[in-house]
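> my questions are about this predicted structure, shown below with the sequence.
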Amino acid sequence: MSPWWLRPPADEPVGDQNQVDPVRKKKAGHDKAADGAAVVSPDKETAPSEPGARGNQRNSRRRPQRGGQARRSGRADAETDASPAPSRPRRRGRRGSPGNKNKGTAPNAAAGGGTREEADGAGRAPDRPPLEDRRLAVICDLESATRGARESGSGRFDINLVQARLLDKGKVVVKRAYADWDRHRDDKRSFHQAGVELIDIPQIQPSGKGGAGIRIAVDAMELCYSKQHLDTFVLISGDGDLIPLVSKLKANNRHIIGVGSSESAAPILINNCDEYLFYEDVLRLAEVSPQLGNVEEGRVEVYTLLVEAIEALMRENQQTLWGSVVKQTIQRKHPSFNESHHGFSSFSKLLEEAEAAGVIKIRRDQKSGSYVVTGFSPS
């Protein structure tokens, strides 16, 4: 049974004679206002009212439609009047689809000057950078290094001479030395002053051969995978057991430099490294001092640093000796270098005075205006 406020008035005639068209009733008497209340049309006939009649009380107390009913009726009218909107055709091959991943990356790589192989291999180790950008990781097997120096008659192994030679090739980032440091107490101070990390490997084999090979291999591979900026590994050892490590590092696009004695280094290790420096050659090179000729006594120190840097770049086959590259090499070998300390306002002034003193020969590049060192002046 419907509620009393929805029932028709008692005085309304029942039958077909006074039946109102539903559509006309909807348009005439049930137009909706903006706030949801019903608005009665002025042309609609209302029933006569009698004072005190119950039907008039029900008619006067009839409530307007609530907001939810008004919204539902308005939505129904809109759906009836509005025509269905045409569906938008679906685009095939969108940007985020799996089939177009390579198609979306190839143009970007080409626009940036790269190739498809460079875009696909972004996670691989980069090719070997130029000399001034190389990053070296030095790993020293002290037991093998000292044994080689002793057999060759070179005396005590000097890590400072080896490090000075390696600075010609790039910047040394990681330095580690593996040994039983209870047996090599005399070498502790020199390695510590050189900034080398000392890793103790106690000797457990009575044969005298240290067990640092496995630890070196594990740490080197960890550095290879975790430090992608390390592009060059230096192995100070002559042990042929490091061949698997050398092969694995080369497979990961790393440059391998070996350092050892010519008397004790294994030939298989020498042949598998990209470069191998003999300790005897390092000692011989350190004993040779540059020839400066007749220069002022106060300029000998700065000219010596300049000549040593130029010779280091020439040994590494640097084609164009820019003045900025020469200065970077000096600062890499001697971090405290500053041309103003020696009385020069700029490094270009140092190069000009060195040429005037008959030490080097320079020329000025036409495009950049920078100086390029072309060689040494004849003494």
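On my side now, so go ahead.
> switch to C-alpha atoms for all contacts and neighbour counts from now on
OK.
> what's the closest non-adjacent residue to Val302?
His342 (7.1 Å; C-alpha to C-alpha, 6 or more residues apart in numbering).
> that neighbour contacts Tyr303, doesn't it?
No. Using C-alpha atoms under 8 Å as the test, His342 is too far from Tyr303 to be in contact (10.2 Å).
> quick one: low-confidence parts of the protein?
For the chain, applying pLDDT under 70 flags the ranges 1-2, 7-132, 205-210, 379.
> and the helices in the stretch 201-350 of the chain?
With DSSP state H, counting those that start in this stretch, the ranges of helices along the stretch 201-350 of the chain come out as 212-226, 243-251, 267-272, 279-287, 300-315, 323-333, 347-356.
> which one of those helices lies nearest to Asp133?
Proximity to Asp133 (C-alpha to C-alpha) singles out helix 323-333 among the helices of the stretch 201-350 of the chain, at 10.3 Å.
> give me the contact list for the closest one.
Residues from elsewhere that reach helix 323-333, judged by C-alpha atoms under 8 Å, 6 or more residues apart in numbering: 132, 164, 167-168, 170-171, 305-306, 309-310, 313, 337, 347-348, 351, 370-373.
> which of those count as buried?
132, 167-168, 170-171, 305-306, 309-310, 313, 337, 347, 351, 371-373 (16 or more other C-alpha atoms under 10 Å).
> ok, of those residues, which one's closest to Lys250?
Nearest to Lys250 out of the buried ones among the contacts of helix 323-333 is Gly170 (C-alpha to C-alpha; 18.3 Å).
> quick check: closest non-adjacent residue to that closest one.
That would be Arg134: by C-alpha to C-alpha, 6+ apart, it lies 4.8 Å from Gly170.
> and Phe191, how many neighbours?
18 (other C-alpha atoms under 10 Å).
> I meant to write Glu280 there.
With other C-alpha under 10 Å as criterion, Glu280 counts 16.
> with adjacent residues omitted, what lies nearest to it?
Using C-alpha to C-alpha, 6+ apart and skipping the chain neighbours, the partner closest in space to Glu280 is Ser261 (6.7 Å).
> my read is that that neighbour contacts Ser152, right?
Yes. Ser261 is within contact range of Ser152, at 6.8 Å (criterion: C-alpha under 8 Å).
> that's a strand at Lys361, yeah?
Yes. Read with DSSP: H, G, I helix; E, B strand; the rest coil, Lys361 is one of the residues of a strand.
> who's it bridged to?
Going by DSSP bridges, Lys361 is paired in beta bridges with Gly375.
> what about it, neighbour count?
Count around Lys361 with other C-alpha under 10 Å applied: 17.
> ditto for Lys188
What Lys188 shows, counting by other C-alpha under 10 Å, is a neighbour count of 13.
> show me what the host helix or strand of it is packed against.
Lys188 belongs to helix 188-193 when assigned by DSSP states H and E. Under the contact criterion of 3 or more C-alpha pairs under 8 Å, 6 or more residues apart in numbering; DSSP states H and E, helix 188-193 touches helix 159-166, strand 197-200.
> His342 and Tyr303: which has the busier surroundings?
Each of His342 and Tyr303 has its neighbours counted (other C-alpha under 10 Å); Tyr303 has more, 23 against 13.
> that one touches Ala354, doesn't it?
Yes. Between Tyr303 and Ala354 there is a contact under C-alpha under 8 Å: 7.2 Å.
> alpha carbons of stretch 298-305, in CSV - could you do that?
Taking Å, rounded to 0.1, in the frame of the first residue of the first chain, the C-alpha atoms of stretch 298-305 are listed here in CSV:
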residue,chain,number,x,y,z
GLY,A,298,114.4,28.9,-10.1
ARG,A,299,112.6,27.3,-13.1
VAL,A,300,114.2,23.8,-12.9
GLU,A,301,111.4,22.3,-10.8
VAL,A,302,108.5,23.5,-12.9
TYR,A,303,110.2,22.7,-16.1
THR,A,304,110.9,19.2,-14.9
LEU,A,305,107.3,18.6,-14.1
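> now tell me what touches it from outside.
Around stretch 298-305, the neighbours that count as contacts under C-alpha under 8 Å, 6+ apart are 290, 292, 330, 342, 354, 359.
> closest to Tyr225 out of those residues?
Closest to Tyr225, out of all of the contacts of stretch 298-305 and judged by C-alpha to C-alpha, is Ile330, at 30.9 Å.
> perfect, I'm done here.
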